[in-house]
Structure formats: structure tokens, C-alpha cells
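Trainee: Could you work out the structure for the sequence below:
(one chain, ligands or ions: 1)
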Amino acid sequence: MKVMEEIKETQIQNVGKYVNEIFEVVKERNPNEPEFQQAVKEVLDSLVPVLVKNPTYMKQAVLERLVEPERLITFRVPWVDDSGNVKVNRGFRVQFNSAIGPYKGGLRFHPSVNASIVKFLGFEQIFKNALTGQPIGAGKGGSDFDPKGKSDLEIMRFCQSFMTELAKHIGPDIDVPAGDIGVGAREIGYMFGQYKKLRGAYEAGVLTGKGIGYGGSLGRKEATGYGVVYFVEEMLKEKGLSFNESTVVISGSGNVSIYAIEKAMQLGAKVVACSDSSGYIYDPNGINLETVKRLKEVENKRIYEYVKEHPEASFQVGYSGIWTIPCDIALPCATQNELDKESAEHLVSNGVKAVGEGANMPSTQEAIDMFMEHHVLFAPAKAANAGGVAVSALEMAQNSARIAWTQEEVDGKLQEIMNTIYRESMKASEKYNVPGNLVVGANIVGFIKVADAMLSQGVI
Ligand code: GLU
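Mentor: Next up, the predicted model:
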């Protein structure tokens, strides 16, 4: 028995060494890309138990292939502003993995977008998309264009120029972009129009997140936010807890955040805070979602405007202070690395019971370690925010079949998908001896689906 244990220990050490070597190569090949390196490290570390059990993945160099994008496209995006000045931005599309379907993932328009951001997002998308159980590969893209303060016409001209290049690389069976930060229904509409004009064909399935009137799916807008709450509710249920009568803090006030707030409220929670890049609002009575929706979805205003209408609420500058507000459940739904160790310490000392990631990689590794150490229920982004891309895949299915499902049908399928992701991730965490660790569980489930497809398709 002792001998067996020793052999196992040596195997784990060897695989650990192998994984570290891969990570060293990733660092060397992708210097100055901290976010991409962070995303890769988290996944590689969690895959050690699978590689020990199944050495074929090592022999076939699946990890070495997985960390290298199939293709990275960078392009110039020239456009003319309202004063007649020529502006130039940089466009990206990373086509990371197509083992289980056409590349799929959003486009982000934000000044922070660069190769590191796009590659970290594209890498995460591999596992997230596989977890949904839908036939979608992984891609991501965007631009360092800042939509803030731009007129509607400037947005349109930028989107048209961006699509003029991107159109050469995408298609309903090739790569299907969607929205992300800074890209919503308006931008998708302009890009779809330009794609259609360039192709001279109505290929509805080339983009998702379209308007309902021209091929969009009911329930897509709400899907990421609702999905996060469905997933966290499932996780809470297992411990006899629920959103009902809980105090909740949700960062961000974009598409993910707004619909996470809506669903949490529908389940009986009191959501007391949300934020944007200007700062956060705290409303002890529970925030008024109609005001937030109007400010953000209609008027494009900053979140501090909220306190003008609701004097009982307060506004604070800065993004991390939101995590000092006591709550039972925290849902970071803003952006990457918005929740660091110090913020995690505040949440833990205030007695947080569960954290669910609506944004992509919002918690730093130190923050995740802190939650694990203190047995806070933790729903990682790849699993918890997969609802958006899952319903995008349902939009693709409806486009292919030229049919439209009802809101209830889509929402029912979304709930089923989120429950399945939860159950499969939980089961994997138990099978690989880290019961309840959904970070490891989700990575393993996503990895096995993609890795097995890659093995079947040979060395390509
Ligand atoms: N941007 C979202 C994500 O990170 C949605 C992508 C999509 O619908 O393709 O998953």
C-alpha cells in the first residue's frame, strides 16, 4: 500500500514538473502578457490530476497544442470622427481552438484591449464553451477603441471599418463573434449590416446577440446575468442556502450585472450595490433596478447619477471599495482582476458565504486562494458565466433551422445547461479528489471534452 502511494506521489511530482515546463515556454513565447499567463497558469495547475490518470494527453502533447492559438489576427481599423479627423485603432481576433465547433466568443471594445487580454479571454473561452455542452470552439476579439463619449455615427463608422477587415476571417461555420464589454446590440447591428453588405448574402448565424427583429434570440440579452444566478443558486442549494433574503453585492452595471441583479431580486435577494468605472453606489434599501437600467441601457450615463434620484444611496469613487460592503453573496460582474486579495479579505471578514464570477477572471489567484481557505462557496467564471455563450449557441441553432423559440423555451434550456455545468463540475471535483472545488472541476470537464476531440482528429 505504502509503495503504491509513493509511486502515485512521484507521478504527481513528475506531471507537476511537466506542467511547469509548459508554463515556462508559454511565458517565454508570450512575454509582457500577464493576463494570458495568469489564465494559462490557473488551468495548467488544475489539470495535473487528469494527466496523472490519463498520460495519453501528455504523449499527444495536447496541452502544448492547447496553449498555442490556432490563429491570431491583428489589423488596422481606420475611421473618421465627427470633426473629420482620421483615427486609427487596433483590431484583434484570436481563433483559439476549433476542435468541437466553429470559433465562438465575444468582441470587446475597450482601451485596455491588447493581445494579452484577447488571448486570456480566448483561452478561457475554450473551457467555458466546452462546458456548455454546445458544439462551439473558442475565439475572442476586439479593439482598443473607446466607445465612451463617441456619437452614434462615430460608433457606426468604427464598427463598419472593423467589420470590413474581420469579415474576411469569419462566417457561420468558421467563426461567430458576439458582444462583450463595449459591444452590445447597437454595435452588433452595425457590424451585421456591414458583413451582409460585403458578403451579399444573409448569413444570420455569423454573429450572435443580434436584435430580435433580425435573427436574434429571445433571452440572449438576459442569459449571462441570469445564468450566473442560476448557477450560484444551485451551489447554495446544496448547503441549504438561497438568494432569498440574502444581501447581495454585484459589481458592474453593464449587461451581465443588470440581469444578475434582476434575477437575484426575482429570487428574493436584496441587492445593495453596483458600480461602473467611475465608482460604486450603495443603497441600503436595495438598489432600484429601473433607474440603473434607464441610466445604463438608455441614457448611457455614469452610475453616480443614481444618487441624484435616490438620496438615501451614497456614491464612492474607485472600484474596489464595493467589496468592503457586508454581504452574504458577492457577484463580481465588471472586469478582470477587479477583486484582489485585500478585497477578498474584506468579504471573508464580513462573513460572505458565496462568490460567483459573472465577469471573466474577475478574482486574482490570491483572492481565490483566500476564498478556498475560508470555505467560501466559489463559482468560477468559466462555469458561472457560460450562460451567455450557451444561449448564443442556441441563437446559432435557431438561425440554422430558421425558427424562433419563445423566451420561456430559451430560459428553460439555459437553466438546464447551468444545472448540468454545476453537476458535471461538482462530479469531476469529487472524482479527482478535490470535492467542492469548482475551479478544478470546471477546468477538468471542459478540458476533457476538448482534449478528446483533439485526440480523435489527429495532429493538426
Ligand atoms: N462575451 C461573452 C463571453 O465571454 C459571450 C460570448 C458569445 O456569446 O459568443 O462568453
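
Trainee: give me the residue from the stretch 351-460 of the chain nearest the ligand.
Mentor: When distances are taken as C-beta to the nearest ligand atom, the stretch 351-460 of the chain reaches nearest to the ligand at residue 392, 3.3 Å away. Backbone N, C-alpha and C define where each C-beta goes, glycine included.

Trainee: What residues does this structure have near the ligand?
Mentor: 104-106, 178, 180, 208, 360, 388-389, 392 (C-beta under 6 Å from any ligand atom).

Trainee: Now render those as TSV, adding pLDDT, secondary structure and distance to residue 13.
Mentor: Below are those laid out as TSV (pLDDT from 0 to 100; DSSP: H, G, I helix; E, B strand; the rest coil; distance: C-beta to C-beta, whole Å):
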residue	pLDDT	secondary structure	distance to residue 13
104	98	strand	37
105	98	strand	35
106	98	strand	39
178	98	strand	42
180	98	strand	39
208	98	coil	44
360	97	coil	32
388	98	helix	39
389	98	helix	36
392	98	helix	41
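
Trainee: most neighbours, which of the residues you listed?
Mentor: residue 105 (31 neighbours; other C-beta atoms under 10 Å).

Trainee: Please enumerate the strands of the stretch 51-200 of the chain.
Mentor: 71-80, 86-97, 103-109, 138-143, 175-178 (DSSP state E, counting those that start in this stretch).

Trainee: Deepest-packed of these, please.
Mentor: strand 138-143 (a mean of 30; mean count of other C-beta atoms under 10 Å).

Trainee: Tell me the strands beside it, with direction?
Mentor: strand 86-97 (antiparallel), strand 103-109 (parallel) (DSSP bridges).

Trainee: now the shortest one: how far from the chain's centre is it?
Mentor: The chain centroid and the centroid of strand 103-109 are separated by 10 Å, computed with C-alpha atoms, centre = their mean, to the nearest Å.

Trainee: Give me the angle between that strand and strand 71-80.
Mentor: Taking axes from the mean of the first three to the mean of the last three C-alpha atoms, to 10 degrees, one finds strand 103-109 and strand 71-80 inclined to each other by 30 degrees.

Trainee: Touching strand 103-109 from outside, list them.
Mentor: Strand 103-109 has contacts (C-beta atoms under 8 Å, 6 or more residues apart in numbering) with 95-97, 117-118, 121-122, 125, 129, 136-143, 145-147, 174-183, 187, 191, 388-389, 392-393.

Trainee: what about dumping the CA coordinates of it to CSV?
Mentor: Once non-C-alpha atoms are left out, strand 103-109 reads as follows in CSV (Å, rounded to 0.1, in the frame of the first residue of the first chain):
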residue,chain,number,x,y,z
TYR,A,103,-14.6,29.6,-33.1
LYS,A,104,-17.1,31.3,-30.8
GLY,A,105,-16.7,34.3,-28.4
GLY,A,106,-17.3,38.0,-28.0
LEU,A,107,-15.7,41.2,-29.2
ARG,A,108,-14.6,43.7,-26.6
PHE,A,109,-14.2,47.4,-27.4
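
Trainee: Can you pull out the low-pLDDT segments for the stretch 251-400 of the chain?
Mentor: For the stretch 251-400 of the chain, no stretch has pLDDT under 70.

Trainee: what's the nearest residue to the one residue in the stretch 101-250 of the chain that gets nearest to the ligand if we skip its chain neighbours?
Mentor: Residue nearest to the ligand within the stretch 101-250 of the chain: residue 106 (2.7 Å; C-beta to the nearest ligand atom). The shortest distance from residue 106 to any non-neighbouring residue, by C-beta to C-beta, 6 or more residues apart in numbering, is to residue 180 (3.2 Å).

Trainee: how about that neighbour, what does it touch?
Mentor: 105-108, 121, 140, 142.

Trainee: mind running it again at 10 Å?
Mentor: Taking C-beta atoms under 10 Å, 6 or more residues apart in numbering, we find residue 180 in contact with 105-110, 113, 121, 140-142, 209, 224, 254-256, 360, 388.
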